[in-house]
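**Student:** Output the structure for:
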Amino acid sequence: MAAGLVKGEGFAVDASVVAADANRQRGVPASEATDWSNPALSTRAVREYLEALDDEAFEQAVPRRISLTDPQSRWTAAPGGPAFFAYSTNYLIDTEHGVILDVEATPAHRTAEVDSTKTMVDRVEERFDIIPDRLIGDTAYGTAPMLAWWCKTRG
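**Tutor:** Numbers count the residues shown, from 1 in each chain. Next up, the predicted model:
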């Protein structure tokens, strides 16, 4: 900040898809009932993770397929080609010199990626007291809820 590399006038946001360490063959359709307490289907770590999840929140965003080894990852074909389980790394970048200001990991799901923008912008404001005049993103970030949030909190 002191070196002037971050201007704070414009931020850009985007996500990159990262393959999860989850085998495609170890996934089941979300509609199929899964007994997560069965040790043959999941490890202790997965069972503990699922016990800690808010059941209501998990049911609201039921994915098409669920990985038995990494249920937080999401089934995606976003980069083109065969689908796989993945996460997204979301970046918030100051446009003046391309400095990455914040990163947020999410399941590879467009809504989660867009919502992470709000988290990153808020964190940068809280940490560095920087509020951008502009936010640049591809069409995925141009949803009505995203634009309403921007206008309400930043406009």
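
**Student:** how long is stretch 85-104 end to end?
**Tutor:** Looking at stretch 85-104, the gap from its leading to its trailing residue is 18 Å under the measure CA to CA, to the nearest Å.

**Student:** and that stretch, what's its mean pLDDT?
**Tutor:** Computed over stretch 85-104, the mean pLDDT rounds to 94.

**Student:** And for stretch 4-16?
**Tutor:** 88.

**Student:** What residues of it count as buried?
**Tutor:** By neighbour count, with 16 or more other CB atoms under 10 Å as the criterion, the buried positions of stretch 4-16 are 6, 8, 11-15. Glycine gets a C-beta too; all of them are placed from N, C-alpha and C.

**Student:** which outside residues touch that stretch?
**Tutor:** Around stretch 4-16, the neighbours that count as contacts under CB atoms under 8 Å, 6 or more residues apart in numbering are 88-97, 99, 101, 106, 113, 116-117, 120-121, 124, 128, 130-138, 141.

**Student:** what do you get for stretch 116-134?
**Tutor:** 1, 6, 8-11, 13, 15, 88, 90, 92, 95, 101-104, 106, 135, 137, 141, 146, 149, 154.
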